[in-house]
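> need a structure here:
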Amino acid sequence: MIDILTSMKYKKQQFRIVCDMFDYLKRNNKNVVPAEVLSTILRNIPRSI
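This is a model prediction of the structure:
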């Protein structure tokens, strides 16, 4: 997954994932994103960005 996201083609997708993770951390006052939440974020991103 990391190799895919480092490609220039996927920069928008990578930025959205990072923003969603920061949004979760801020809204829930957490320091760590649980694996279940991360998998939900990854499932919800559109594949055609």
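> since we're on the residue nearest to residue 42 when sequence neighbours are not counted, how many residues are nearby?
Among residues not flanking residue 42 along the chain, residue 17 sits closest, at 6.9 Å (CB to CB, 6 or more residues apart in numbering). Where you see a C-beta, it was placed from the backbone N, CA and C, and this is true even at glycine. Number of residues near residue 17 (other CB atoms under 10 Å) recorded here: 18.
> any idea of the pLDDT on residue 17?
pLDDT for residue 17: 90.
> ok, now residue 49?
For residue 49, pLDDT reads 51.
> What of residue 28?
96.
> Please apply the same query to the one 5 residues further on.
Residue 33 carries a pLDDT score of 93 in this model.
> which residue packs closest to it, ignoring adjacent ones?
residue 21 is the one closest to residue 33 (CB to CB, 6+ apart), at 5.1 Å.
> Work out for me the element the one you found sits within.
According to DSSP states H and E, residue 21 maps onto helix 11-28.
> What is whatever helix or strand comes next after that helix packed up against?
For helix 11-28, the following helix or strand on the C-terminal side (DSSP H and E) is helix 35-44. Here helix 35-44 touches helix 11-28, going by 3 or more CB pairs under 8 Å, 6 or more residues apart in numbering; DSSP states H and E.
> which helices and strands does the helix it packs on pack with?
Using 3+ CB pairs under 8 Å, 6+ apart: helix 11-28 touches helix 2-5, helix 35-44.
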